[in-house]
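> Sequence and computational prediction follow.
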Amino acid sequence: MDTAIPLTAPLDELLDAAKKRYDVHFEPVAVDGETLELLQLDDVAALIDQQLAKAGDGPVDLPYWATIWPAALLLAHSLRHLGPPNGRTLLEVGCGVGLVGLFAAKKGFPTLLTDIHPDALLFTQINILQNGLSDTASVARADFTTDRLGRRFDVILGAEVLYLQDTYRSLLKFFLAHIALKKDAALLLSKDFTRKATRFMDLAAEEFTIAERVVGYKETAPESGEPERKLCQIYRMTPKKVA
């Protein structure tokens, strides 16, 4: 469903467009001593229930893009390992509300944030303007199964983009078409440990040198309200072929 407002519109107009579609609020998110205000849905669970009821037996457009996944937050923390920007360009794939890419832009990386969902692009553009990051961050629609952006990036980020096995080959081709052919170029991916992506990693190992790090975190269980220990995998992948 497309938004009726161009993303070049002023912040107040973009925010009005978001409020016409959803109940929203700005929520502070902190990473490594920096805090951003990110536009969030008031109640994602209630929205899912509404969409399920409305869809009946038909397909449901679940708002996965609107959720701040733990893997995205942990990937944002991992940006510290990139070192100073030094002019390096950065691309985020499947940005959702833009959390990871916006923290990269906050660090000074010229960052392009992409997603396929029009509301994700709307929320991300609002978050860019709300946090004063329009000098370093921009947003664009990109479908990694079909699109090409016509340029390469020194760093590519993706949080929870490995959940559909039938997109693995297309996603890998997208990465190969957009990663800079430099020895210090890096592809950083993160995912929940329980979501297996063995086939993607087997395919990627032919083109990338892959280093994996497992990070533990605690999350409150919705049923019991008690903290549960969970795991996230973060991959740093460097291209084997360089110019």
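Okay, I see it.

> Quote the end-to-end distance of stretch 61-71.
Terminal residues of stretch 61-71 lie 22 Å apart, using CA to CA, to the nearest Å.

> Grab the nearest non-local neighbour of the residue nearest to the spatial centre of the chain.
Central residue of the chain (CA atoms, centre = their mean): Cys95, 2.8 Å from the mean position. What sits nearest to Cys95 in space, not counting adjacent residues and going by CB to CB, 6 or more residues apart in numbering, is Leu113, at 4.1 Å. (Each C-beta comes from the backbone N, C-alpha and C, glycine too.)

> same check, this time on Phe103
In space, Phe103 is closest to Ala76, 4.5 Å off (CB to CB, 6+ apart).

> Might one say that the one you found is in contact with Val31?
Yes - with contact defined as CB atoms under 8 Å, Ala76 reaches Val31; the gap is 4.7 Å.

> Looking at the two, which one has more neighbours?
Ala76 (27 against 21; other CB atoms under 10 Å).

> Give the next helix or strand downstream of the helix or strand containing that one.
According to DSSP states H and E, Ala76 maps onto helix 70-78. Moving toward the C-terminus from helix 70-78, the next helix or strand (DSSP H and E) is strand 90-93.

> strand partners of that next one, parallel vs antiparallel please.
Strand pairing for strand 90-93, using DSSP bridges, gives strand 111-115 (parallel), strand 155-159 (parallel).

> tell me the angle the last one makes with helix 70-78.
Counting by axes from the mean of the first three to the mean of the last three CA atoms, to 10 degrees, strand 155-159 points 150 degrees away from the direction of helix 70-78.

> now strand 155-159: mean pLDDT?
Across strand 155-159, the average pLDDT comes to 98.

> Can you name the next helix or strand after it?
Downstream of strand 155-159, the first helix or strand assigned by DSSP H and E is helix 168-178.

> Can you show me the helices along this structure?
Assigned by DSSP state H, the chain shows helices spanning 11-21, 44-55, 70-78, 99-106, 118-130, 168-178, 198-204.

> can you redo those helices as a markdown table with mean pLDDT?
Formatted as a markdown table, the helices of the chain follow (pLDDT from 0 to 100):
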| stretch | mean pLDDT |
| --- | --- |
| helix 11-21 | 96 |
| helix 44-55 | 80 |
| helix 70-78 | 97 |
| helix 99-106 | 98 |
| helix 118-130 | 97 |
| helix 168-178 | 97 |
| helix 198-204 | 97 |
